[in-house]
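Asker: when you get a sec, could you give me coordinates for this:
(3 chains)
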Amino acid sequence: MDILAGLNPAQQEAVKHIEGPLLILAGPGSGKTRVITHRIAYLIKTCGVSPRRIMAVTFTNKAAREMKERLEKLLGQVSESLTVGTFHAICARILRQDGKVVGLETNFVIYDEEDQQSLIKQCLQDLNLDPKQYNPQKIRNAISFAKSQHMTPAKFAGESRSYWDEVVARVYERYQEQLGQSNAADFDDLLMKTVQLFEKHPDTLEKYQSRYLHLLVDEFQDTNITQYNLIRMLGGKHRNICVVGDPDQSIYSWRFADIGNILSFEKDSPDATIIVLEQNYRSTKNILEAASSIISVNSRRKAKKLWTENQTGAPMFVVKTYNEQDEAQFVVNEILKLTGSDSIKPGDCAVMYRTNAQSRAIEEAFVRYGMKYKLVGGTKFYQRREVKDVIAYLRVIHNPFDNISLSRIIKVPGRGIGQRTLSDLSNRARDNNISLFAAMKAASEGRGPGFGSRIKTAVTGLYRMINDFIVESQQIGLVNLMDTVLEKSGYREHIREEDDGEERWENILELRTVALDFDSLPPGEGLSPFLEQVSLVSDADEIENREDMTTLITLHQAKGLEFPVVFIVGIEEGLLPHRRSMEEGGDDLEEERRLCYVGITRAEKHVYLLHTARRSIFGGSSESTPSRFLADIPEHLIESKGLAGIPEQQGKRSERYERRRYEDEEGVPITTLLAKRQQPPLKEIIDLNPGDRVRHSKFGDGQVIGMRSAGEDKEVIVAFEGAGVKKLLLSMAPLEKI
DNA sequence: GCAAACATGATTTTT
DNA sequence: TCATGTTTGC
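Answerer: Got it, this is the predicted structure:
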């Protein structure tokens, strides 16, 4: 097989340029991943580089997994010895191996944002600072910023110029101490501590530098300073660093990603080769032209002119509706229309929005029409309270110094130890400079000032229980351990008694399924990799494309995906661009523009840009004006559309009526209904033929006028007596034959 | 120690 | 509007 076959000249150049630093500026849809994977294949097959000397870094697990899959196809088994992973996963691995010198034992835990927040609150309390005056969220953000810039507490304190900074510096210092005490690292630490490790121990750095002959970094526009430092250090010896990115798709500056890294790369590596990938294989000419017209308004931009051999295609459909319900209605109608005639499936469509709150109106419309959708984001599995609780138990077993996890499990299930006792124990731990677990031990052994006998019994009981778990964890497999913990701690019983206990228990069983993957390991050896996985994996990794489900997604999360049809809703002043980005002019507006650009360039064939006249916001309703970005699209590319077939006034009223009835009828908040609808109970598939009479739980009685297959499913077209003609999916719609 | 009333503040969230 | 965190009363 010829590795270069099927690549255009620029792509080939990028694959073949193997000596020295390389910067690839890759426009959307330009075959970026293809270039990276083929480059790796080329290095191995043509240049004879050992796969274990190549590292490819991505931002998401999903990207890493996809890259591995493609490499596996290209290279077969040798691909297994490549290092492919996220920044965080790769750093975690390095720190498990060599992190002792920066204060991390091999069994360190990784704190997520919630854990960080708890720890910061604790620190504020220890320092006698009022959390109302010093918002823990803001402090967390400030600390995260410091770490993204590779600033230690000392350096931060040295550079702080305001009273706020000084407070942050004090909290930051204490926070790091407490992380150390807990043998824990937060996400930012994974990166920063690795850099510190390399700074302090050149021999360790040398080990990795020598090993990795070639480095590849994807989504380079999203790296922060610390990540850039890391890459520079790792590649410092062989200098074969290949970074791939697109400054126009930089939409994470608020997570401290720094486009400046691209400039720095050029400056730091004057001999770098720069290759621009401008041919787009994804979108129509019209889509590309519209996207370019929006992004080209940004100043301080590397000019890049995308082109394509694809068709001219349809114009950009700009749609104005009265409010967000009508907007959603339009989307639903349009998807029904497209899937009826254009050989487009619901799964080919995506609805994108700036803020998560916007998904609600869209969801309601989908639910009302019995249309399936996949909502990306929302409450994440690993963030769920019950899942975090169980993980906290396991973390404490794995690392009893983990004070945050221990604080968490002390309270649930209720065992007579409340906030009061917990604070007391925490204070003792702090004053004696010991862990919370050690403080519990001391209390149960009756050392130090006494507790009331009831409390002492409770503390002793918990202490002994955890100790037993620790002993058992060495003797039994992971799943067995998890079952034991759930049973003996009383957590199972506790959670099942809650209002939505059944659902929560299901989630725990889901977590148990994840644990099954590690169950075959010898006793005591499954816990560690399991915890690593659950700390570093997120649900965004699960974005699968099913042909019967339309994707509902934020513009941010849509980066990297592609769909034949894209609806961008709420393209209005205040929303896109978001009002918060307009507060202090400057760069933020440019980022909003990039966000819009990212959204449009996801589309292959059709783009719909929707805006409303009025939109509800925090209860109230206010007037909206079309986004300034719309004005940047040349007129000849635009076709205006309205809410077809429904006179505005009438459509509006029936809409409202149905909505209200829907909520009242069941007497349950709409959110609950939405959640339930997402996973309908398996229902018997009924056999229907045109002419049959049917009853729909909401639309009433009607007659089947048509049937056609839609993937594995069937679409039924029904003429309802009251609600008109609807297209429904057989497996989803609450239909019965009458 | 815990449940219910009350206050608050709401962009985006790769790990 | 509505979810989340904090205060208050038992």
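Asker: any low-confidence regions in chain A?
Answerer: A:1, A:342, A:378-379, A:448, A:539-545, A:584-586, A:643-686, A:698-699, A:708-715, A:722-734 (pLDDT under 70).
Asker: tell me the residue of it that sits nearest DNA strand B?
Answerer: A:Gly418 (2.4 Å; Cβ to the nearest atom of the strand). Bear in mind the C-beta positions are built from the backbone N, C-alpha and C, glycine included.
Asker: near the nearest residue to that residue once chain neighbours are set aside, how many other residues are there?
Answerer: Take A:Gly418 and drop its neighbours on the chain: the residue closest to it by Cβ to Cβ, 6 or more residues apart in numbering is A:Lys411, 7.0 Å away. Neighbourhood size, A:Lys411 [other Cβ atoms under 10 Å]: 14.
Asker: now A:Glu547
Answerer: 12.
Asker: that one touches A:Gly347, doesn't it?
Answerer: Yes. A:Glu547 is within contact range of A:Gly347, at 3.9 Å (criterion: Cβ atoms under 8 Å).
Asker: okay, now the nearest residue to A:Thr223 once chain neighbours are set aside: neighbour count?
Answerer: Closest residue to A:Thr223 apart from its sequence neighbours, by Cβ to Cβ, 6+ apart: A:Asn261 at 5.2 Å. For A:Asn261, the count of nearby residues is 26 (other Cβ under 10 Å).
Asker: surely A:Asn261 is in contact with A:Thr226?
Answerer: No. Under the criterion of Cβ under 8 Å, A:Asn261 makes no contact with A:Thr226, lying 10.5 Å away.
Asker: picking that back up, residues touching the residue nearest to A:Thr223, list them.
Answerer: A:220-221, A:223-225, A:227-228 (Cβ atoms under 8 Å, 6 or more residues apart in numbering).
Asker: over to it: give its phi and psi.
Answerer: The phi/psi pair for A:Asn261 (degrees, to the nearest 10) reads phi -60, psi -30.
Asker: and the gap between the residue of chain A found nearest DNA strand C and A:Tyr373?
Answerer: Using Cβ to the nearest atom of the strand, the single residue of chain A nearest to DNA strand C is A:Gly619, 3.1 Å away. Taking Cβ to Cβ, to the nearest Å as the measure, A:Gly619 falls 25 Å from A:Tyr373.
Asker: what's the end-to-end length of stretch A:347-363?
Answerer: Start to finish, the residues bounding stretch A:347-363 are 15 Å apart (Cα to Cα, to the nearest Å).
Asker: and the contacts of that stretch?
Answerer: Contacts with stretch A:347-363, where a contact means Cβ under 8 Å, 6+ apart, come from A:324-325, A:327-328, A:331, A:335, A:338, A:373, A:375, A:377-378, A:545-555, A:558, A:561, A:563-570, A:575-576, A:578, A:595, A:599, A:602, A:670, A:674.
Asker: if we can go back for a sec, got the phi/psi numbers for the residue of chain A closest to DNA strand B?
Answerer: Residue torsions, per degrees, to the nearest 10, at A:Gly418 are phi -110, psi -170.
Asker: wait, doesn't it sit right on A:Ser407?
Answerer: No. Under the criterion of Cβ under 8 Å, A:Gly418 makes no contact with A:Ser407, lying 11.9 Å away.
Asker: of these two, which one has the most company?
Answerer: Ranked by neighbour count (other Cβ under 10 Å), A:Gly418 and A:Ser407 place A:Ser407 first, with 21 against 13.
Asker: that one against A:Leu422, yeah?
Answerer: Yes. The pair formed by A:Ser407 and A:Leu422 meets the contact definition of Cβ under 8 Å, at 6.2 Å.
Asker: ranges for the strands of the stretch 301-450 of chain A?
Answerer: Secondary structure of the stretch 301-450 of chain A (DSSP state E, counting those that start in this stretch): strands located at A:307-308, A:316-321, A:349-353, A:373-375.
Asker: tabulate these in TSV, adding columns for distance to A:Gly501 and mean neighbour count.
Answerer: Formatted as TSV, the strands of the stretch 301-450 of chain A follow (distance: least, Cβ to Cβ, whole Å; neighbours: other Cβ atoms under 10 Å):
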stretch	distance to A:Gly501	mean neighbour count
strand A:307-308	54	16
strand A:316-321	41	21
strand A:349-353	33	27
strand A:373-375	23	22
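Asker: would you turn those strands into TSV with distance to DNA strand C?
Answerer: Formatted as TSV, these follow (distance: least, Cβ to the nearest atom of the strand, whole Å):
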stretch	distance to DNA strand C
strand A:307-308	43
strand A:316-321	19
strand A:349-353	16
strand A:373-375	14
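Asker: just put those in a markdown table and tack on distance to A:Ala26.
Answerer: Converted to a markdown table, the strands of the stretch 301-450 of chain A look like this (distance: least, Cβ to Cβ, whole Å):
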| stretch | distance to A:Ala26 |
| --- | --- |
| strand A:307-308 | 14 |
| strand A:316-321 | 24 |
| strand A:349-353 | 21 |
| strand A:373-375 | 27 |
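Asker: nearest to A:Leu95, of those?
Answerer: Nearest of the strands of the stretch 301-450 of chain A to A:Leu95, taken as Cβ to Cβ: strand A:373-375 at 34.8 Å.
Asker: that closest one - contacts with which helices or strands?
Answerer: Contact analysis of strand A:373-375 by 3 or more Cβ pairs under 8 Å, 6 or more residues apart in numbering; DSSP states H and E lists helix A:359-368, strand A:550-554 as its packing neighbours.
Asker: most packed of the ones you listed?
Answerer: Among the helices and strands packed on strand A:373-375, strand A:550-554 has the highest mean neighbour count (mean count of other Cβ atoms under 10 Å), at a mean of 24.
Asker: what does the next helix or strand after that strand rub up against?
Answerer: The first helix or strand that comes after strand A:550-554 along the chain, using DSSP states H and E, is helix A:555-558. For helix A:555-558, contacts defined as Cβ under 8 Å, 6+ apart pick out A:251-252, A:350, A:352-354, A:376-377, A:540, A:543, A:568, A:576, A:595-596, A:598-599, A:602.
Asker: thank you, goodbye.
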